[in-house]
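A.B. asks: Need a 3D model of the sequence below.
(one chain, ligands or ions: 1)
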Amino acid sequence: MCGIVGAVSTRNIVPVLIEGLRRLEYRGYDSCGVAVHQGGQLRRARSTSRVAELDANVAADEILGGTGIAHTRWATHGAPAVHNAHPHFSHGPNAQAGSAGRIALVHNGIIENHDELRAELKAKGYVFTSQTDTEVIAHLVDQLYTGDLLDAVQQATAQLRGAYAIAVFCRDEPHRVIGAREGSPLVLGVGANERAGENFLASDAMALAGVTDQIVYLEEGDVVDLQLGKYWITRRDGDGPFKPVAREVRTVQAHTGAAELGPYRHYMQKEIFEQPKAIADTL
Ligand code: GLU
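C.D. replies: Predicted coordinates:
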């Protein structure tokens, strides 16, 4: 279970997504990726190397856009390879090789009923290009999509068993990202930059340090709709319909130093050397 960052904005949000991934590096990961809405299409870059290399790939491929999602992966289903790295795209049923994606999705966690869902989606013509449990969710959302991404994600989450935090966007709704969580962490960051009307998703508040300190801690079962200058959170009681719910916005001063490597070679070494301070702080 690793890290997610997502955003809707009117400025190019790729540097914020990449910086968010850097701040999530302390969790450890085996691959990483980013996808944006660019020129009416979904575009992505993925890497089994460090976030720094992903950043270089993004610059070389001129990937930029105001709506996007990014991910660091800790593989549970499928080897740490580029084709298994997130974001995953769904190209719709019976897609031809090279056809444009419609749904882009990142996921932290494990989907326990992925085998059943994969069999159903294959029978409907969906072609799988990875061994992940995650790709199942991308195709499921695509299959349920009839023009309203919030509705499709709400319906999809009702069919998932297991743990997930997801962030999803759609080629046909350029300024919208939907997030959902059950068993994996996800926060909403309310944008401070009013002109850009931006809003964010992340695995923790630290990923958004320097971007916004206005944080909503999403609760189990929440599905959040991020748009330019507005957001709303929905959830359902039992098998009932999804209804809007109010959540407190907290001011969170994320301590950016905690996520920075500093003079250490890797995060385990940093944690070892920080033990005396951690114990003193705790006392
Ligand atoms: N189960 C997913 C995968 O293997 C997500 C892993 C994660 O949480 O990073 O791709």
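
A.B. asks: shaky segments in the stretch 51-200 of the chain?
C.D. replies: 97-98, 193-195 (pLDDT under 70).

A.B. asks: Can you pull up the residues of the stretch 151-283 of the chain that come close to the ligand?
C.D. replies: Applying CB under 6 Å from any ligand atom, one finds that the stretch 151-283 of the chain does not approach the ligand at all. Quick note: C-beta positions are derived from backbone N, CA and C, even for glycine.

A.B. asks: could you dump the helix or strand where Pro276 lies to PDB, C-alpha only?
C.D. replies: If you go by DSSP states H and E, Pro276 is part of helix 275-282. The C-alpha coordinates for helix 275-282 follow below in PDB (Å, rounded to 0.1, in the frame of the first residue of the first chain):
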ATOM      1  CA  GLN A 275      14.800   7.100  16.800                       C
ATOM      2  CA  PRO A 276      16.300   9.000  19.800                       C
ATOM      3  CA  LYS A 277      14.400  12.200  18.700                       C
ATOM      4  CA  ALA A 278      11.200  10.200  18.100                       C
ATOM      5  CA  ILE A 279      11.300   8.700  21.600                       C
ATOM      6  CA  ALA A 280      12.100  12.000  23.200                       C
ATOM      7  CA  ASP A 281       9.200  13.700  21.300                       C
ATOM      8  CA  THR A 282       6.900  10.800  22.400                       C
END
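
A.B. asks: where exactly do the helices run in the stretch 51-200 of the chain?
C.D. replies: 51-60, 114-123, 134-144, 149-157 (DSSP state H, counting those that start in this stretch).

A.B. asks: I'd like the distance from the third one to the chain centre, please.
C.D. replies: Right, the one you point to is helix 134-144. 14 Å (CA atoms, centre = their mean, to the nearest Å).

A.B. asks: That one to helix 149-157, inter-axis angle?
C.D. replies: Going by axes from the mean of the first three to the mean of the last three CA atoms, to 10 degrees, helix 134-144 is angled at 120 degrees with respect to helix 149-157.

A.B. asks: Report all helices and strands that helix 134-144 contacts.
C.D. replies: Helices and strands touching helix 134-144, as assessed by 3 or more CB pairs under 8 Å, 6 or more residues apart in numbering; DSSP states H and E, comprise strand 88-90, strand 103-111, helix 114-123, helix 149-157, strand 162-170.

A.B. asks: okay if I get those as TSV plus mean neighbour count?
C.D. replies: Converted to TSV, the helices and strands packed on helix 134-144 look like this (neighbours: other CB atoms under 10 Å):
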stretch	mean neighbour count
strand 88-90	27
strand 103-111	27
helix 114-123	15
helix 149-157	21
strand 162-170	25
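
A.B. asks: Make sure Thr67 is actually in contact with Arg11.
C.D. replies: No - the pair Thr67 and Arg11 fails to qualify as a contact (CB atoms under 8 Å) at a distance of 11.0 Å.

A.B. asks: higher neighbour count, these two?
C.D. replies: Neighbours were counted for Thr67 and for Arg11 using other CB atoms under 10 Å; Thr67 has more, 27 against 16.

A.B. asks: any idea what sits nearest the more buried one, other than its immediate chain neighbours?
C.D. replies: His37 (4.3 Å; CB to CB, 6 or more residues apart in numbering).

A.B. asks: what does Gly262 give?
C.D. replies: Nearest to Gly262 is Lys270, by CB to CB, 6+ apart, at 6.6 Å.

A.B. asks: Read off the pLDDT value for Ala254.
C.D. replies: Looking at Ala254, its pLDDT reads 74.

A.B. asks: so it, which of the three states?
C.D. replies: coil (DSSP: H, G, I helix; E, B strand; the rest coil).

A.B. asks: for it, what are its contacts?
C.D. replies: 204-206, 208-209, 213 (CB atoms under 8 Å, 6 or more residues apart in numbering).

A.B. asks: For burial, what's the neighbour tally of the closest residue to it other than its chain neighbours?
C.D. replies: In space, and not counting its chain neighbours, Ala254 is closest to Ala209: 3.9 Å by CB to CB, 6+ apart. For Ala209, the number of neighbouring residues by other CB under 10 Å comes to 22.

A.B. asks: Tell me how far Ala209 lies from Gly65.
C.D. replies: 22 Å (CB to CB, to the nearest Å).

A.B. asks: What of Val211?
C.D. replies: 16 Å.

A.B. asks: Now the stretch 151-283 of the chain against the ligand: closest residue?
C.D. replies: Ser184 (7.1 Å; CB to the nearest ligand atom).
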